[in-house]
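Asks: pasting the sequence and the predicted model now:
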Amino acid sequence: MISMKLLEINNLNKSFDNKQILKDINLNISSGKIIGLLGKNGAGKTTLIKLINDLLTPTSGEILVKGNKIGIESKKIISYLPERTYLNKEMKVSEIIEYFKDFYEDFDDKKAKELLNKLDLNINEHLTKMSKGMQEKVQLVLVMSRKAELYILDEPLGGVDPATRDYILDTILSNFNDNASVIISTHLISDIERILDEVIFIDKGEIVLQSDADKLRNKEKSSIDEIFRRMFKC
């Protein structure tokens, strides 16, 4: 079975004030994969993600989601977790769930409540009363409670302790459908390595490697984390 190109990026460039941030990015991502977008801080991961989510405009090149240009249709099938929280902290978690339910046709409020419960989060609490880590968990729950086709998670493990990281990865693993794909952008490679099907290495705004994770490990006889460290020695 040929899997359809879920995300196609052709000759994508992005510059800010004459400084080139992304250079000639070419990527194809199919359905049913968990993909690690891996790079050091400042490598261009967040810029690429913002372009896919229509938060920035390319300098040149194109991005297609299921063959369509970025816009209303792509936003319907992408569920995006930004690096920083954007939620109204004056609201209760329950109010935010209602807001998401109204806003996204594919939002499953029953699933959201189950996940909140599993993560020990109080649905009646205001976000202001929650720690940064708890707020990040709420945001992850909201993102994973959509029946999306592409989930894009920008540094989903940044603000949580190592014990919670495994739990969050399991939450991600068990809450997206088989036909969807998940792109996880992170520099915490050893933490997410076990769940990856594919890896994309980005450095100084360029894609330097895209590979099946198992094939890469077998070829290099090393973990993805070790391969990355070897390639990008400071």
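Replies: Thanks, I have the structure now. Just so it is clear, the model here is predicted, and its values are computed rather than measured.

Asks: next secondary structure after the strand or helix carrying Thr46?
Replies: Assigned by DSSP states H and E, Thr46 belongs to helix 45-52. Downstream of helix 45-52, the next assigned helix or strand under DSSP H and E is strand 60-65.

Asks: now do that next one: everything it contacts.
Replies: 5-13, 24-25, 51-52, 69-70, 73-74, 77-78, 150 (CB atoms under 8 Å, 6 or more residues apart in numbering). In short, each C-beta sits where N, CA and C put it, glycine included.

Asks: let's see it at 10 Å
Replies: 5-15, 22, 24-29, 48, 51-54, 69-71, 73-78, 149-150 (CB atoms under 10 Å, 6 or more residues apart in numbering).

Asks: distance of the most centrally placed residue in the chain from Asn53?
Replies: Against the mean C-alpha coordinate of the chain, by CA atoms, centre = their mean, the closest residue is Leu153 at 1.9 Å. In this view, Leu153 and Asn53 are 12 Å apart by CB to CB, to the nearest Å.

Asks: now the common contact residues for these two.
Replies: 80, 82.

Asks: and Gly133, that's in a helix?
Replies: Yes. Gly133: assigned to a helix according to DSSP: H, G, I helix; E, B strand; the rest coil.

Asks: give the burial count for it, as a bare number.
Replies: By other CB atoms under 10 Å, 12 other residues sit near Gly133.

Asks: any idea how far Gln210 is from the closest residue to it other than its chain neighbours?
Replies: Excluding the flanking residues, the one nearest Gly133 by CB to CB, 6 or more residues apart in numbering is Val160, at 4.7 Å. According to CB to CB, Val160 stands 28 Å off from Gln210.

Asks: Glu193 too?
Replies: Taking CB to CB, one finds Glu193 at 16 Å from Gln210.

Asks: now Glu149
Replies: 20 Å.

Asks: out of the two, which sits in the more crowded spot?
Replies: Glu149 (22 against 17).

Asks: surely that one is in contact with Glu73?
Replies: No. With contact defined as CB atoms under 10 Å, Glu149 does not reach Glu73; the gap is 11.1 Å.

Asks: which ones are touching Arg194?
Replies: So Arg194 contacts 166, 169, 173, 213, 223-224 (CB under 10 Å, 6+ apart).

Asks: so which of the residues you listed are in helices?
Replies: Among these, the members falling in helices (DSSP state H) are 166, 169, 173, 213, 224.

Asks: any idea of the pLDDT on the closest residue to Glu155 other than its chain neighbours?
Replies: Spatial nearest neighbour of Glu155, excluding adjacent residues (CB to CB, 6+ apart): Glu83 at 4.8 Å. As summarised for this prediction, Glu83 has a pLDDT of 85.

Asks: helix/strand/coil for Glu83?
Replies: Glu83 - assigned by three-state DSSP - is coil.
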